[in-house]
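Undergrad: Structure for the following, please:
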Amino acid sequence: MSIKKSFETFWQAFIHPRVFIFILTGTAIIFLTFLTDNDAMEIAISGIASVFIGIGVNNYSSFETNLSNEKKLASRIGHSLKILELAKSQIARIHHELKNGNKQYVKTGIAELEDFMTLSIELIKEGNL
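TA: Next up, the predicted model:
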């Protein structure tokens, strides 16, 4: 994947409200450490800020995983549609040959059609795992 595409994917996930708000809040809380001289207070503020940043990073990774899953699903649907289009054209050829009385082609065509359906079923089952 190109750097530009990677950056666009990162930016799309980063500006999502569930990610951006928590990371921005955590960063803002971190700046509160500059307002105190108490070391214990700085550690407590940093801990609170790390919780917000951690939530934002967790949301980022779940959002990125969701985008990846959507791409995989779209790919599987695209492959299934192509197989169904091939099956449709095979049915049209079988229908045409049946009208012409070529029974041998019909037999082989139906066997190929069965292979198309088996492949389509396997692709759909693979997506459900």
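
Undergrad: C-alpha from now on. contacts and neighbour counts both.
TA: Fine.

Undergrad: and the longest helix for the chain?
TA: The residue-count maximum for a helix in the chain (DSSP state H) belongs to helix 39-100.

Undergrad: which secondary structure elements does the following helix or strand past that one contact?
TA: Note on helix 39-100: by DSSP states H and E, the next helix or strand toward the C-terminus is helix 103-127. For helix 103-127, the helices and strands in contact under the criterion 3 or more CA pairs under 8 Å, 6 or more residues apart in numbering; DSSP states H and E are helix 39-100.

Undergrad: Run the chain-centre distance for the helix it packs on.
TA: The gap between where helix 39-100 is centred and where its chain is centred comes out at 1 Å by CA atoms, centre = their mean, to the nearest Å.

Undergrad: tell me the angle of it relative to helix 103-127?
TA: On the basis of axes from the mean of the first three to the mean of the last three CA atoms, to 10 degrees, helix 39-100 is oriented at 170 degrees to helix 103-127.

Undergrad: helices or strands next to helix 39-100 in the packing?
TA: Applying 3+ CA pairs under 8 Å, 6+ apart, we find helix 39-100 packed against helix 3-14, helix 17-30, helix 103-127.
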